[in-house]
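Chemist: give the three-dimensional model of this entry:
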Amino acid sequence: MNNLLSYGFNDRISSLFSFHFPVTLSPSVQPARVIRVDRGRVLLATAEGTEHVEIQRELATGDWVALETGNDDGTDAAVVGLVPRYSTLQRKKAFDPLAEAQVLAANIDLVGVVVPIDRPLSHNRLERTLVAAWDSGAVPLVILTKADLSSRFDDVVAQTVDQARGVEVFTTSAETGDGLDALLLRVGAGQTVAFLGPSGAGKSTLINALVGEDIQDTGDVRAGDARGRHTTTARELIPLRGGSVLMDTPGVRGFALWDAEAGMEAVFGDIEELFGQCRFNDCGHESEPGCAVQDAISNGTLEERRWNSYRKMQRELARLHRRQNSAEQRKHARGFHKMDKEAAMAKDYRNRFREA
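Modeler: Modelled structure (predicted):
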């Protein structure tokens with residue numbers, strides 16, 4: 001298991017694997033972890049090293065699987081089972097009329113929300129990403145990068161700490177090495193952290209600094225809009241010193257939420273608590289008398305921008321649920337139509353049999 005240890009194999013995973021794939025039932029099956037997903041196959045970490053395996057099922061980077069090893073008769077190794085995920089980072093697929101989820105990462109313990117200090121802080125993006133991170137089942141961290149490049153260091157850090165509302169914030173500089181040891185210590189042996197942030201945020205440069213060598217390409221950031229080109233093209237697990245694991249992800253420009261009620265409560269719980277203080281149970285939080293939300297905005301205890309951000313995400317989730325319900329109804333309708341068609345065919349067959 002030496003190689004698997006470097007990819008996050010620990011007592012928790014060992015217990016999960018043994019429970020779902022007991023050796024008495026599957027003596028030739030061993031645990032493996034998905035390092036990277038390619039078209040029609042995956043790169044797996046095994047006890048002995050790494051191995052490419054063809055797949056017939058949907059898997060995500062970070063998944064723990066049951067691998068049936070190849071035999072001397074030429075039989076290829078095959079993934080025969082999936083260990084249930086204990087966390088899943090996902091978003092709604094872009095431009096998807098069926099409103100389906102895209103899994104970005106599986107079995108992660110921490111989500112490192114990467115925020116560059118060398119540009120103005122995007123409050124709405126940070127809130128949205130934190131909602132998804134909390135909803136994944138992992139614990140979010142905020143990682144400020146490029147601390148050596150900003151003259152607005154103190155202001156951005158203060159804004160981020162206030163916006164993160166209790167989430168740990170780490171300030172780092174890949175150039176000087178500041179903050180790297182503290183970040184590695186926080187991740188810890190046997191844990192997996194997924195980095196999530198926009199292109200040009202400095203994720204690849206930070207990863208190179210954490211690993212101690214240049215394993216990721218880095219790109220320039222455009223001066224006009226502070227955007228960078230995508231230097232990461234696939235989600236991939238990277239072992240770090242000390243036994244922790246890092247998952248790099250391509251830069252994310254948009255993050256459409258997916259069933260994120262738990263994340264909304266974690267990030268906007270103070271707003272939702274105000275709803276119970278309104279005079280009317282059916283308060284729309286607009287101009288009704290005795291609205292605790294509007295009172296909080298008026299007296300400055302609730303930032304109006306934050307309230308608008310909350311409402312925007314709630315409207316987005318409501319639209320998602322309507323599309324999901326419509327898709328489910330269409331699916332049931334197709335099922336009934338198929339049943340009616342089969343029943344009609346059976347009736348027609350019986351009639352022709354009687355006539356014969």
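Chemist: helices of the stretch 1-150 of the chain, start to end?
Modeler: Under the criterion DSSP state H, counting those that start in this stretch, helices of the stretch 1-150 of the chain are mapped to 2-5, 11-20, 123-135.
Chemist: ok, and what's touching the second one?
Modeler: In other words, helix 11-20. 31, 64, 66, 81, 83-84, 86, 107, 190 (CB atoms under 8 Å, 6 or more residues apart in numbering). All C-beta atoms are positioned from the backbone trio N, CA, C, and that covers glycine.
Chemist: buried sites along that helix?
Modeler: 13, 16-17 (16 or more other CB atoms under 10 Å).
Chemist: same question for the first one.
Modeler: Of the residues in helix 2-5, 3-4 count as buried by neighbour count, 16+ other CB under 10 Å.
Chemist: residues in contact with it: which ones?
Modeler: Counting by CB under 8 Å, 6+ apart, 31-33, 45-50, 190, 243 sit against helix 2-5.
Chemist: so what's Thr172 up against?
Modeler: 143-145, 147, 178-180, 183, 206.
Chemist: what's the residue closest to the geometric middle of the chain?
Modeler: The centroid of the chain falls nearest to Leu89 when counting by CA atoms, centre = their mean (2.1 Å).
Chemist: just checking, Trp64 touches Val42?
Modeler: No. The pair Trp64 / Val42 is not scored as a contact, 12.0 Å apart, by CB atoms under 8 Å.
Chemist: for the longest strand seen in the chain, packing partners?
Modeler: Counting residues, the longest strand found in the chain (DSSP state E) is strand 29-38. Under the contact definition 3 or more CB pairs under 8 Å, 6 or more residues apart in numbering; DSSP states H and E, strand 29-38 sits against helix 2-5, helix 11-20, strand 41-45, strand 64-68, strand 78-82, strand 236-239.
Chemist: and these: which comes nearest Glu127?
Modeler: Of all those, strand 236-239 sits nearest to Glu127, with 27.3 Å by CB to CB.
Chemist: roughly how far out does the following helix or strand past that closest one sit from the chain middle?
Modeler: Beyond strand 236-239 on the C-terminal side, the first helix or strand identified by DSSP states H and E is strand 245-248. From the chain centre to the centre of strand 245-248 is a distance of 12 Å (CA atoms, centre = their mean, to the nearest Å).
Chemist: next, the angle helix 123-135 makes with the helix or strand following strand 245-248.
Modeler: The helix or strand immediately downstream of strand 245-248 is helix 261-275, counting by DSSP H and E. Using axes from the mean of the first three to the mean of the last three CA atoms, to 10 degrees, the inter-axis angle of helix 261-275 relative to helix 123-135 is 110 degrees.
Chemist: neighbours of Arg322, how many?
Modeler: Residues lying near Arg322 (other CB atoms under 10 Å) number 11.
Chemist: residue contacts, Ile143?
Modeler: Ile143 makes contact with 112-115, 169-170, 172, 183, 195, 206 under the criterion CB under 8 Å, 6+ apart.
Chemist: who's in contact with the longest strand of the chain?
Modeler: For strand 29-38, the surrounding residues in contact (CB under 8 Å, 6+ apart) are 4, 7-9, 13-14, 17, 21, 42-47, 50-51, 59-69, 79-81, 83, 106, 234-237.
Chemist: what's the answer for stretch 180-191, then?
Modeler: With CB under 8 Å, 6+ apart, stretch 180-191 has contacts from 5, 8-10, 12, 109-110, 112, 141, 143, 168, 170, 172, 174, 193, 209-210, 240-246.
Chemist: model confidence over that stretch, on average?
Modeler: For stretch 180-191, mean pLDDT is 93.
Chemist: how about it: buried residues?
Modeler: Here stretch 180-191 shows 180, 183-184, 186-187, 190-191 as buried, counting by 16+ other CB under 10 Å.
Chemist: quick one: Tyr310 and Ile271 touch, right?
Modeler: Yes. Using CB under 8 Å, Tyr310 is in contact with Ile271, at 5.4 Å.
Chemist: overlap in contacts, these two.
Modeler: Both Tyr310 and Ile271 lack any common contact, where contact means CB under 8 Å, 6+ apart.
Chemist: returning to what we had before: could you say which one of the helices and strands packed on strand 29-38 comes nearest to Ala133?
Modeler: It's strand 236-239; of the helices and strands packed on strand 29-38, that one is closest to Ala133 (CB to CB) at 18.0 Å.
Chemist: the closest one - contacts with which helices or strands?
Modeler: Using 3+ CB pairs under 8 Å, 6+ apart, strand 236-239 is in contact with strand 29-38, strand 245-248.
Chemist: now do 6 Å
Modeler: With contacts taken as 3 or more CB pairs under 6 Å, 6 or more residues apart in numbering; DSSP states H and E, strand 236-239 sits against strand 245-248.
Chemist: ends of stretch 49-58, how far apart?
Modeler: Stretch 49-58 stretches 23 Å from its first residue to its last (CA to CA, to the nearest Å).
Chemist: hang on, the earlier thing: from the contacts of Thr172, which is closest to Asp259?
Modeler: Of the contacts of Thr172, the one sitting nearest to Asp259 (CB to CB) turns out to be Ile143, at 25.6 Å.
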